[in-house]
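Undergrad: Here's my sequence, what's the structure:
(one chain, ligands or ions: 1)
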Amino acid sequence: SPNLPLLSDTQIKLARMLVQEGQIHLFENWPKPGVRDADKLRFFEQVAKLDISYPGGLTAYLQNARKLLADSKAGKNPFSGYVPSVPDGVKLVHGDEKFMQYEEAGVKEAQYSAFVLVAGGLGERLGYSGIKVALPSETTTENSFLQLYIKTILALQDASSGGQNQAVKPIPLVIMTSDDTHKKTDQLLKENNNFGMLPDQVVLLKQEKVACLSDNNGSLALDPSNSFLIQTKPHGHGDVHSVLYNSGLLTRWQHESRKWVLFFQDTNALLFKGVPASLGVSVLKDLDVNSLAVNRKAKEAIGGIARLTHENGSEMVINVEYNQLDPLLRSTGHPEGDINIETGFSPFPGNINQLIFKLSSYIKELAKTHGAIVEFVNPKYKDASKTSFKSSTRLECMMQDYPRTLPTSAKVGFTVLETWLAYAPVKNNPEDAAKVPRGNPPHSATSGEMAVYKANSLILRKAGVLIEGPKIESYNDQEVEVWPRIVWSPKWGLTFSDVKKKVKGHCQISQKSTLVIDGEDVTIDGLALDGALFIRAVACAKVNIQSLHVSNDAWKIIPVDSADNSVPEKIRIRGFKLELHGQQLLLFHQPRQCNITNVSM
Ligand code: UGB
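TA: From the prediction side, this is the model:
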């Protein structure tokens, strides 16, 4: 084009590639040379970045896009040729003997693991303006999701290597960010000294966005706010595999004798409660891939894990997204689609996108694929002719699709955990959450926080504590069970056997109560709690509480209006705030033995 500025050889190659790929429209409105040359060069910088960050480059991206757009227009089911059936997995019941055996095996093995948090999503559905990992996981302690995750990994690290006094190899944490979340995640970590992790123990790896497409021919879309740039959008959490492959970390981990990589998502405060046992399942069953799952209501907006059998006899156990499972069932002899069975749940377990991969087979597979994952496209068409889009689209990929390219010899399994124990994501804004049909979980900040209290209450109940049942309340138009506000630090109660060892005697807690235990070696042998009690002990303090009676006016839950802008956003999205009316603080600042016996407060 006569309107191109002076270009380097690489830029000329990129320009040729774009023209050959039918993208000449990108240059159509370029002014003559000498005008806006800096913008034109920036355009080529962007094209070079898009080219390098996609396996196979932009040409491969456009070829894949054209094929997927044609399939989408033709209404082709990505699983056509496959028949779904209910797969076998390991079902765990919290607290029973099997659960505790798996937990023990998982804790031992945790020192050979690495954790990967995918946190590149902006959370448009939640409508929160900050990064989601900075949100409080609950408002009794206000510990953020990221803080909770890191503290739990550190607790696992200590427990796995036999206690904090032993030299341990730090368990690495990778956080995949995006342009939308990178700076704020980095800042959150810096402001909080990595929440206790060593400087090089936590690594941020940024995923790049991909080019948007404006039509079925795969024409690249220009950015509506800058006609010298291609519009880009996130490619999905599936990028985590290529990002890890390109980072070189996987081979480093292998040299460090690591065996497992655990992937997890940004806003599920319960997620680590099932991790030790599920890692134990991976170890004892020697699984290449283990997906964590929960019981799922039919049509609930989480993917279903299914066994898919192809006409040619091949099989795979894979997540089928909720919008694909129902049509797939209907087209394969199940006219009612995805329905609840006598258990009250869909027979297809719900994928919670916590994945445990065996590192050795993961490395082998990525050597072949370089981390590329089967993609999909989801254009919003203007009308039934499917010839034009309402807005630009792009290819997307999901991290749980990794097993789709694995050889049939791979051991792919899953572990079903009880929902109350393992799954309470914070994804939906108050308006959308209020519309979720009664009986289905609203997956909001309101339900996410209440689920923490419920899980901790039920775990203590199983350990023998008498816990008064919940009250049903409504906040932000969502009905929730309100259990006593019980929270403990990961070091106190990492596993069920930890909790059982630390709570003895006759203990009872009323519904209005708050109990926070923040300290590793705190034993409670007899407690009557009707109010708020905070126990905080420094590391190495050994606190033994016997026959303690605490009664006060506690913290009260006060409804707030989600539309009231005078209330901080992180509170508004819950629809309630906690208000202090009475509390008892037991603070142990010295690293020594302290006994509290027969006291009423
Ligand atoms: N994420 C990224 O890191 N990068 C991206 O480009 C996009 C997201 P969503 P989704 O467990 O409830 C998934 O949007 O995709 C991160 C499963 O596909 O919250 O709707 C993002 O920051 C689905 O099968 O979830 O659904 C977040 O941490 C079901 O299991 C994570 O990816 C569902 O999660 C998930 O992103 C669920």
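Undergrad: Give the buried residues for stretch 80-87.
TA: By neighbour count on 16 or more other Cβ atoms under 10 Å, the buried set for stretch 80-87 is 82, 83, 84, 87. Glycine gets a C-beta too; all of them are placed from N, C-alpha and C.
Undergrad: Please report how far the last one lies from the ligand.
TA: With distances taken as Cβ to the nearest ligand atom, to the nearest Å, residue 87 is found 15 Å from the ligand.
Undergrad: what about the nearest residue to that residue once chain neighbours are set aside, which helix or strand?
TA: Using Cβ to Cβ, 6 or more residues apart in numbering and skipping the chain neighbours, the partner closest in space to residue 87 is residue 307 (3.9 Å). Under the criterion of DSSP states H and E, residue 307 resides in strand 304-310.
Undergrad: How many neighbouring residues does the residue of the stretch 501-601 of the chain found nearest the ligand have?
TA: Nearest residue of the stretch 501-601 of the chain to the ligand, counting by Cβ to the nearest ligand atom: residue 573, 15.1 Å away. Number of residues near residue 573 (other Cβ atoms under 10 Å) recorded here: 25.
Undergrad: name the helices or strands packed onto the strand holding residue 307?
TA: strand 82-85, strand 289-296, strand 315-320, helix 322-330, strand 346-358 (3 or more Cβ pairs under 8 Å, 6 or more residues apart in numbering; DSSP states H and E).
Undergrad: what residues does it touch?
TA: 79, 81-87, 89, 291, 293, 296, 315-320, 322, 325, 338, 346, 348-351, 414 (Cβ atoms under 8 Å, 6 or more residues apart in numbering).
Undergrad: now those: which count as buried?
TA: Looks like the contacts of strand 304-310 have 79, 82-84, 87, 89, 291, 293, 296, 316-320, 322, 325, 338, 346, 348-351, 414 buried, using 16+ other Cβ under 10 Å.
Undergrad: Tell me the residues of the protein that contact the ligand?
TA: Residues of the chain lying near the ligand by Cβ under 6 Å from any ligand atom: 118-121, 176, 178, 207, 234-237, 265-266, 302-303, 319, 321, 351-353, 398, 425, 427.
Undergrad: I'd like the list of those residues that fall within strands, please.
TA: 118, 176, 319, 351, 352, 353 (DSSP state E).
Undergrad: so who does the fourth one touch?
TA: In this case it means residue 351. Contacts of residue 351 (Cβ under 8 Å, 6+ apart): 291, 293, 302, 303, 304, 305, 319, 400.
Undergrad: let's see it at 6 Å
TA: For residue 351, the contacting residues are 291, 293, 303, 305, 319, 400, by Cβ atoms under 6 Å, 6 or more residues apart in numbering.
Undergrad: pretty sure the last one contacts residue 318?
TA: Going back to what we said before, that points to residue 400. No - using Cβ atoms under 6 Å, residue 400 is not in contact with residue 318; the gap is 7.7 Å.
Undergrad: from the ones in strands among the residues of the chain next to the ligand, which is closest to residue 550?
TA: residue 352 (35.9 Å; Cβ to Cβ).
Undergrad: And for that closest one, the neighbour number?
TA: 28.
Undergrad: pLDDT score assigned to the residue lying closest to it once chain neighbours are set aside?
TA: Distances taken as Cβ to Cβ, 6+ apart place residue 423 nearest to residue 352, at 4.9 Å, with adjacent residues excluded. On pLDDT, residue 423 comes in at 96.
Undergrad: Phi first, then psi, for residue 423.
TA: phi -140, psi 110 (degrees, to the nearest 10).
Undergrad: What separation do you get for it and residue 296?
TA: 9 Å (Cβ to Cβ, to the nearest Å).
Undergrad: now do residue 538
TA: 42 Å.
Undergrad: for residue 460, same thing?
TA: From residue 460 to residue 296 the distance is 27 Å (Cβ to Cβ).
Undergrad: Over to residue 42?
TA: 46 Å.
Undergrad: Take the buried residues of stretch 80-87 and write them to CSV, including pLDDT.
TA: Formatted as CSV, the buried residues of stretch 80-87 follow (pLDDT from 0 to 100):
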residue, pLDDT
82, 92
83, 93
84, 93
87, 91
